[in-house]
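Peer 1: Give me coordinates for this.
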Amino acid sequence: MKLNKKDPPPVLLQMENISFRYGKRSILNDTDLTIEPGTFTSIIGPSGCGKSTLLYILGGFLKPDSGNYLFNGSKVYSLGEFGLGRFRKKNIGFLFQDFRLLPFLSAEKNLALPGAFTGKKLSIQERHELMHSLGIFERRKAKPAELSGGEAQRVALARALLLKPSLLLLDEPTGNLDEKTESEILQVLMKLKETGLALVCVTHAKSVMLHSDRVLALQEGKLTEVNLKPEAAPKTRTKKAGTIKKRKTSEK
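Peer 2: All right, here's what the predicted structure looks like:
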């Protein structure tokens with residue numbers, strides 16, 4: 001099948017036999033992973049198993065000890081420091097559990113930070129359109145302490161999206177949110193996936209897993225697919241009409 005030049009590649013990124021160690025401890029062990037555009041992948045596993053390490057490798061922040069990491073067919077960790085910086089600016093968005101907003105800046109100024117660090121001038125119109133789409137335009141002058149958890153996470157999400165990345169990495173993005181706000185953020189993420197953005201999310205939340213296209217468990221340095229079957233509805237015993245027998249009682 002021939003692809004139109006404007007069509008996204010069938011594979012966005014591929015990790016082949018990736019290994020990483022902290023001292024003598026093996027974190028990733030010949031790990032393989034393939035991500036396609038417009039997909040939502042959740043990664044689960046116990047604390048300390050290497051989930052965040054995996055995200056940092058995907059984001060171009062942490063070089064593996066061995067193996068290949070290809071993004072759009074190019075070997076990421078062969079780019080050198082300058083090339084890695086360009087790779088991150090062009091392709092990667094990162095959303096953290098704790099938002100990481102600067103407390104002394106307004107929501108809009110926090111949103112403008114990527115442009116300041118990358119040297120790419122972003123128009124006010126672009127920022128305002130993105131804030132409108134995420135429902136936070138009216139809160140643009142508020143500082144982080146004046147925002148609700150959901151509003152702060154939307155500002156952080158807008159900041160991650162402003163440079164139009166191909167891959168959004170999420171580290172427990174709903175961990176500090178209540179159930180209603182979590183649901184709202186998940187709906188936003190589902191809409192982003194429809195635009196072709198690939199999402200890789202480290203999570204412990206079952207609600208996030210159920211919204212994912214697939215769930216991978218990281219165990220002993222390897223990823224294995226998890227099949228999340230919907231919970232069966234509890235069985236209830238019903239009695240057919242006319243089958244209830246009344247207990248006979250004797251009258252004195």
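Peer 1: from here on, contacts and neighbour counts on C-alpha atoms
Peer 2: Noted.
Peer 1: Can you classify residue 37 as helix, strand or coil?
Peer 2: coil (DSSP: H, G, I helix; E, B strand; the rest coil).
Peer 1: Next one: it from residue 17, what distance?
Peer 2: Per Cα to Cα, to the nearest Å, residue 37 is found 21 Å from residue 17.
Peer 1: quick one: which of those two has more around it?
Peer 2: residue 37 (20 against 17; other Cα atoms under 10 Å).
Peer 1: Residue 27 against residue 52, yeah?
Peer 2: No. Using Cα atoms under 8 Å as the test, residue 27 is too far from residue 52 to be in contact (10.5 Å).
Peer 1: Comparing the two, which shows the higher neighbour count?
Peer 2: A direct count of neighbours by other Cα under 10 Å for residue 27 and residue 52 places residue 27 higher, at 23 against 18.
Peer 1: So the more buried one belongs to a helix, correct?
Peer 2: No. Checked against three-state DSSP, residue 27 lies outside a helix; its state is strand.
Peer 1: which residues touch it?
Peer 2: 19, 20, 21, 49, 50, 220, 221 (Cα atoms under 8 Å, 6 or more residues apart in numbering).
Peer 1: Go through the residues you listed and say which is closest to residue 162.
Peer 2: residue 50 (28.1 Å; Cα to Cα).
Peer 1: Tally up the residues packed near that closest one, please.
Peer 2: Count around residue 50 with other Cα under 10 Å applied: 22.
Peer 1: same check, this time on residue 60
Peer 2: Count around residue 60 with other Cα under 10 Å applied: 21.
Peer 1: And for residue 92?
Peer 2: 20.
Peer 1: Please apply the same query to residue 218.
Peer 2: If we define neighbours as other Cα under 10 Å, then residue 218 has 21 of them.
Peer 1: Quick check: it is in a strand.
Peer 2: Yes. Assessed with three-state DSSP, residue 218 lies in a strand.
Peer 1: is it true that it touches residue 47?
Peer 2: No. In this structure residue 218 lies outside contact range of residue 47 using Cα under 8 Å: 10.4 Å.
Peer 1: Where in this structure is the helix or strand with the lowest mean pLDDT?
Peer 2: Ranked by mean pLDDT, DSSP states H and E, the weakest helix or strand in the chain is helix 113-118, scoring a mean of 67.
Peer 1: got a list of contacts for the helix or strand just after that helix?
Peer 2: Moving toward the C-terminus from helix 113-118, the next helix or strand (DSSP states H and E) is helix 124-133. For helix 124-133, contacts defined as Cα under 8 Å, 6+ apart pick out 108, 111, 112, 137, 140, 155, 158, 162.
Peer 1: what stretches of the protein score poorly on pLDDT?
Peer 2: For the chain, the stretches flagged by pLDDT under 70 are 1-9, 115-121, 229-252.
Peer 1: Residue 87 belongs to a strand, doesn't it?
Peer 2: No. Using three-state DSSP, the assignment for residue 87 is helix, not a strand.
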